[in-house]
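# Could you work out the structure for the sequence below:
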Amino acid sequence: MPTSLKLKEGDKAPDFTLPDQEGKEHPLSGSKGAWVLVYFYPKDDTPGCTKEACSIRDNFPQFQKMKAVVFGVSVDTPKSHGKFAEKYALPFTLLADTDKKVVLLYGVWGEKKFMGKTYMGTRRTSFLIDPEGAIAKIYENVKPDEHAREVLADLARLA
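Residues are numbered from 1 along each chain as shown. The predicted structure follows:
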């Protein structure tokens, strides 16, 4: 199954509403007026995803200083997100896309290969959305331990 949509920088970010780790609904449009990082990741509490989340956590004061909102999105459940957020003291919101609507909408769900196996999953991709709701930057093939600093450098340049 190919990705359903190929977004480009400058496109309006597709709106969505997803529940967080406590079941509270978060519409993307509710963050209009702020810079928003929507980062899609494959799975809670796995090595690369933990490294990425902890890097964002460790740099979170700088995101707050720039008044940027951070949403981590995966197809895991709110309960899984809750355990992951608690285990690593994640100060930002994790959103549960259990029906895969948003990963398909953003074109980040697709075929992946790992250790000789091919399967469908979330490709580690992030979208930096400007205060007007347009996609300012798309990050593909994200390096988990460098990503937060890369986004902050772009925020400093663009904001």
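
# can you pull the buried residues of stretch 119-127?
Neighbour counts over stretch 119-127 (16 or more other C-beta atoms under 10 Å) mark G121, T122, R123, R124, T125, S126, F127 as buried. Heads up, the C-betas are built off the backbone N, CA and C, glycines and all.

# Could you do stretch 56-66 as well?
So, applying 16+ other C-beta under 10 Å, buried residues of stretch 56-66: I56, R57, N59, F60, F63.

# For A34, state which of those is nearest.
Checking the buried residues of stretch 56-66 against A34 by C-beta to C-beta gives F63 as the nearest, at 10.4 Å.

# Just the element for that closest one, please.
If you go by DSSP states H and E, F63 is part of helix 60-65.

# Can you name every helix or strand that that helix contacts?
Applying 3 or more C-beta pairs under 8 Å, 6 or more residues apart in numbering; DSSP states H and E, one finds that helix 60-65 contacts helix 147-158.

# Can you give me every residue that contacts the residue nearest to the spatial centre of the chain?
For the chain, the residue whose C-alpha lies nearest the mean C-alpha position (C-alpha atoms, centre = their mean) is Y39; its distance is 1.5 Å. Y39 makes contacts with 52, 56, 70-73, 124-127, 139, 142, 147, as judged by C-beta atoms under 8 Å, 6 or more residues apart in numbering.
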